[in-house]
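Asker: Okay, sequence plus prediction incoming.
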Amino acid sequence: MSKRNRIKTARAVEPQDTMTQRRIRSLTTLYYNRFMLVRYTCAACFFGNFFLVYLTWGTWIGFVALALMILALPAFWQLGTMFGKSKVKYQWIKLYTPVQWVFNAALFVLIWTVPMTQVFPFFSDTPIGRATAAAFVGIGLIMLTLSNLRLHKIDSNTDKTFRQIKFYEEKYNLTI
């Protein structure tokens, strides 16, 4: 084989190898993005709990929020180690999100039933203060509900991203 033909052959092989690498990278990203809503919800809850610990330190809400922050750490570890894996373990995530949901639901009820100084001392005990606090907690409840539904779909492999992954794997005959 002449030098010129070898160069042509090498150039012909390179782009396909690059395309295969791109497809594999896309596939790993798809697997990782299945948990995107859960990642952002956990992060929002972590920083919300941090805010609660900072503003209510010394009260029972501050201590519960601190415990939830500590419970979130193994879940964050699992979320961080998912990239590049098709089979992942996420038992801490499945434990953390329902516990955080229960805490938010309890806060939502307490906002409307007890004086605000016992729940959120930094909000005034007025209807507007209660509505503002309820809005923040309610947004968290909605995000956590959607995350729990997403985790259920991921468990049963009925989520849209999983169908895209399987289509992509079959079309290009790839696995990671």
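Answerer: That came through, no problem.

Asker: burial of residue 42, as a residue count?
Answerer: Applying other C-beta atoms under 10 Å, we find 23 other residues in the vicinity of residue 42. All C-beta spots, glycine's among them, are computed from the backbone N, C-alpha and C.

Asker: Just the CA atoms of the one helix or strand it maps to, as CSV, please.
Answerer: According to DSSP states H and E, residue 42 maps onto helix 36-55. The C-alpha trace of helix 36-55 is given here as CSV (Å, rounded to 0.1, in the frame of the first residue of the first chain):
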residue,chain,number,x,y,z
MET,A,36,-31.5,16.3,36.0
LEU,A,37,-34.8,17.3,37.7
VAL,A,38,-33.8,15.3,40.8
ARG,A,39,-30.4,17.0,40.9
TYR,A,40,-31.7,20.5,40.7
THR,A,41,-34.5,19.8,43.2
CYS,A,42,-32.1,18.3,45.7
ALA,A,43,-29.8,21.3,45.3
ALA,A,44,-32.6,23.7,45.8
CYS,A,45,-33.8,21.9,48.9
PHE,A,46,-30.2,21.7,50.3
PHE,A,47,-29.8,25.5,50.0
GLY,A,48,-33.3,26.1,51.3
ASN,A,49,-32.4,24.0,54.3
PHE,A,50,-29.1,25.9,54.7
PHE,A,51,-31.1,29.2,54.7
LEU,A,52,-33.4,27.8,57.3
VAL,A,53,-30.5,26.6,59.5
TYR,A,54,-28.9,30.1,59.2
LEU,A,55,-32.0,32.0,60.0
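
Asker: Okay, buried residues for it please.
Answerer: For helix 36-55, burial by neighbour count (16 or more other C-beta atoms under 10 Å) applies to 38, 39, 41, 42, 45, 46, 48, 49, 52, 53.

Asker: now swap in stretch 169-176 and tell me
Answerer: For stretch 169-176, burial by neighbour count (16+ other C-beta under 10 Å) applies to residue 169.

Asker: Distance from the chain centre to that stretch, please.
Answerer: 26 Å (C-alpha atoms, centre = their mean, to the nearest Å).

Asker: Just the element for residue 175, please.
Answerer: Under the criterion DSSP H and E, no helix or strand holds residue 175.

Asker: That one and residue 137, how far apart?
Answerer: Residue 175 is 43 Å from residue 137, where distance means C-beta to C-beta, to the nearest Å.

Asker: Now the strand or helix carrying residue 24: average pLDDT?
Answerer: Per DSSP H and E: residue 24 is located in helix 3-33. The average pLDDT within helix 3-33 is 70.

Asker: Also stretch 53-60?
Answerer: 92.

Asker: elements contacting the helix holding residue 42?
Answerer: The contact analysis (3 or more C-beta pairs under 8 Å, 6 or more residues apart in numbering; DSSP states H and E) places helix 36-55 against helix 60-80, helix 91-113, helix 127-155.
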